[in-house]
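Predicted model and sequence below, questions to follow.
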Amino acid sequence: MTIFPTARLLPALLAWTLVLHVWIAGPLWAGEGADVYTYGTVDLQLSAGDARALEGNQQRRGNSPYSHTKLNLFADIVANERLTVFNHLTLDPSARATIGTFLRTWVRYSVVVRPDFDLHLQVGKIPTPFGHFTERAYTDINPVLGFPLMYHYSSSLRKEQLPASNAVLLAHRGQGTPAAFTGYDGNANGSAGLPMVYDSCWDFGGSAVGSLWRFEYLLAVTQGSLSDPRSNASDNNDGQQLALRLGFVPFTGLLLRTSYARAPYLDRAVTEDLAPGQDVEDFLQEIIGVSAEYEWRHLSVIGEWADNRWESPTIRAAGGGDQDLQVTGFYMEGRCKLQPGWFVGGRYSGLRYGRIDDGSGTGRSIAWDWDVDRLEFGTGYWVNEVILTKLTAQVNDAGGPGAQHDSILAAQLTILF
């Protein structure tokens, strides 16, 4: 089990005390008329696989979908018909961060609730305001064990270090994880690279969500960016993120969505490396995506595509102008119920990195990071209403010289309580 340094122990204990107090004693102090719903999941897993594949699934805090043990605690306090406080805490012994960073608390206030229109305001550490995966990331809903690549996989781009040139960035392709990164300037600081969307951390901010007729909508303002959400109350630059998501249900069973977000992504630690007159807030992450979900009888199919661009102060096109770092992410996922309690599922996901000038002066362009592919499939069985078992396999192709198909075989037992 992870041993926390003394400086981190007190915040972790305070976070645990707060959530356990809500989870166990909530009904006693919530007040007359308030309802407290407490529940949780325990995930136990055994896995065997290539070290590179396991490392590619690891999140920036050291936890992983393939961690051997994980506990989720939920406590929803319904103060009245309009006000609800949501609390979620994850405990993963493999994590390198304090428990406090895993605490998600946000408040929802229902402004309007009518059959044809509803509007809700949310504030706190709110769910990821983009795409189609956040609500399906929990182990009792996810048909497999891993995540789509676009929702966690680290590129070789950093927020707190700038590559001096195109050639320097290209020399670090495939070094997205802290263990692989050698540092643009030879000084590796142990940080992870930037993913398109980092769903494992939620961001501090506020949002308006609701529906109108067959449409759903979400508008959010948060402290961080999709690739670097702020899991604590402090920010690393002076910008904010604006995110918008719209959905449409043309007929029962089909949900179409489009999402957009933009935000400064660089850390103020790179300020001294910028040209005179430039600020870290001048360089944005901008992402747009579309998704579709279709359910028919026992079959569910989901597909999502997104195009992401990071503006960079040091990357140049062949003609000398600024050039963005682009990456496209996508996945296709399916789930089919075969018999009562028994289902099969699978997901194929990929990342395709844009091309930049190689810095040689020849005008040649190459992808700024290695393309990645992942295939995951498996089966699950609900023994009863609270016990779920899964057996899955994952195959990864992380690209690069000598790339091989790294694989993982895993079994999971999930208990709901």
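Right, received. Where do you want to start?

Going by C-alpha atoms from here, please, whenever you check contacts or count neighbours.
Noted.

how about low-confidence regions in the stretch 1-150 of the chain?
Residues of the stretch 1-150 of the chain meeting the criterion pLDDT under 70: 1-32.

where along it do the strands fall?
Applying DSSP state E, counting those that start in this stretch to the stretch 1-150 of the chain gives strands spanning 35-49, 69-78, 83-91, 103-114, 117-126.

likewise the stretch 251-400 of the chain?
Under DSSP E, counting those that start in this stretch, the stretch 251-400 of the chain gives strands at 254-264, 284-296, 299-310, 325-339, 342-353, 355-357, 365-367, 372-382, 387-397.

quick one, what contacts residue 180?
Neighbour list for residue 180: residue 174 [criterion: CA atoms under 8 Å, 6 or more residues apart in numbering].

element containing it?
Residue 180 belongs to no helix or strand when assigned by DSSP states H and E.

Can you report phi and psi for it?
In terms of degrees, to the nearest 10, the main-chain angles of residue 180 are phi -90, psi -20.

quick one, what contacts the nearest residue to residue 104 once chain neighbours are set aside?
Closest residue in space to residue 104, ignoring its immediate chain neighbours: residue 88 at 5.0 Å, by CA to CA, 6 or more residues apart in numbering. Counting by CA under 8 Å, 6+ apart, residue 88 touches 19, 72-75, 103-105.

biggest separation within those, which pair?
72 and 105 (13.4 Å; CA to CA).

Show me which of the two is the more surrounded one.
residue 105 (21 against 17; other CA atoms under 10 Å).

Confirm for me that the more buried one is in contact with residue 90.
No - Residue 105 lies out of contact with residue 90 (CA atoms under 8 Å); the separation is 11.9 Å.

I'd like to know the phi and psi angles of the residue positioned nearest the centre of the chain, please.
For the chain, residue 199 is the residue whose C-alpha lies nearest the centre (CA atoms, centre = their mean; 1.4 Å). Main-chain torsions, residue 199, degrees, to the nearest 10: phi -80, psi -20.

Surely it is in contact with residue 150?
No - counting by CA under 8 Å, residue 199 does not reach residue 150; the two are 9.5 Å apart.

Buried ones in stretch 187-196, by neighbour count?
191-196 (16 or more other CA atoms under 10 Å).

do the same with stretch 90-97
Buried residues in stretch 90-97, counted by 16+ other CA under 10 Å: 90-95, 97.

One more: stretch 241-261?
Neighbour-count burial for stretch 241-261 flags 241-249, 254-261 (criterion: 16+ other CA under 10 Å).

Show me the helices in the stretch 151-300 of the chain, by range?
In the stretch 151-300 of the chain, the segments counted as helices under DSSP state H, counting those that start in this stretch are 166-170.

circling back: tell me what the residue nearest to residue 104 is bridged to.
Note on residue 88: beta-bridge partners by DSSP bridges are residue 74, residue 104.

Give me the phi and psi angles of the residue lying farthest from the centre of the chain.
Distance from the C-alpha centroid of the chain peaks at residue 362, with 38.2 Å (CA atoms, centre = their mean). Backbone geometry at residue 362, expressed as degrees, to the nearest 10, gives phi -90, psi -10.

To be precise, which single item in the buried residues of stretch 187-196 has the lowest pLDDT?
Within those, residue 191 has the lowest pLDDT, namely 85.

How about that residue, nearest residue that isn't a chain neighbour?
Distances taken as CA to CA, 6+ apart put residue 178 closest to residue 191, at 5.0 Å, once the chain neighbours are dropped.

Please verify my assumption that that neighbour contacts residue 192.
Yes - here residue 178 reaches residue 192: they are 4.9 Å apart, a contact under CA under 8 Å.

And the contacts of stretch 305-318?
Here stretch 305-318 has contacts from 162-166, 196, 274, 283-291, 322-331, 356-357, 359, 361, 363, using CA under 8 Å, 6+ apart.

can you do 6 Å?
For stretch 305-318, contacts defined as CA atoms under 6 Å, 6 or more residues apart in numbering pick out 165-166, 283-290, 322-330, 357, 363.

and if you look at stretch 147-165?
Outside of stretch 147-165, the residues within contact range by CA under 6 Å, 6+ apart are 169, 173, 175-176, 184, 193-199, 266-267, 269-270, 314-315, 329, 349.

and the residues you listed, which are buried?
Among the contacts of stretch 147-165, those classed as buried by neighbour count (16+ other CA under 10 Å) are 169, 173, 175-176, 184, 193-199, 266-267, 314-315, 329, 349.

Now do the contacts for residue 62.
95-96.

ditto for residue 390
379-380, 411-412.

could you redo the last one with a cut-off of 10 Å?
Listed by CA atoms under 10 Å, 6 or more residues apart in numbering, the contact set of residue 390 reads 45, 139-140, 143-145, 342-344, 378-382, 410-414.

If any of these are buried, put those into a ChimeraX selection.
Buried residues within the contacts of residue 390, by 16+ other CA under 10 Å, are selected in ChimeraX with:
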select :45,139,140,143,144,145,342,343,344,378,379,380,381,382,410,411,412,413,414
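
Could you check stretch 115-128 and say which residues are buried?
So for stretch 115-128, counting by 16+ other CA under 10 Å, buried means 118-128.

Nearest to residue 302 among these?
Of all the buried residues of stretch 115-128, residue 302 sits closest to residue 128, with 18.0 Å by CA to CA.

For residue 81, grab the count of nearby residues.
When neighbours are defined as other CA under 10 Å, residue 81 has 11 of them.

Test my guess that it contacts residue 34.
Yes - taking contacts as CA atoms under 10 Å, residue 81 lies within contact range of residue 34: 9.2 Å.

show me the contacts for residue 334.
So residue 334 contacts 143, 293-295, 299-303, 344-348, 377 (CA under 10 Å, 6+ apart).

before we move on, the earlier item: pipe the buried residues of stretch 187-196 into a markdown table and attach distance to residue 396 per row.
Output for these, formatted as a markdown table (distance: CA to CA, whole Å):
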| residue | distance to residue 396 |
| --- | --- |
| 191 | 22 |
| 192 | 19 |
| 193 | 18 |
| 194 | 19 |
| 195 | 17 |
| 196 | 18 |
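
Cool, thanks, talk later.
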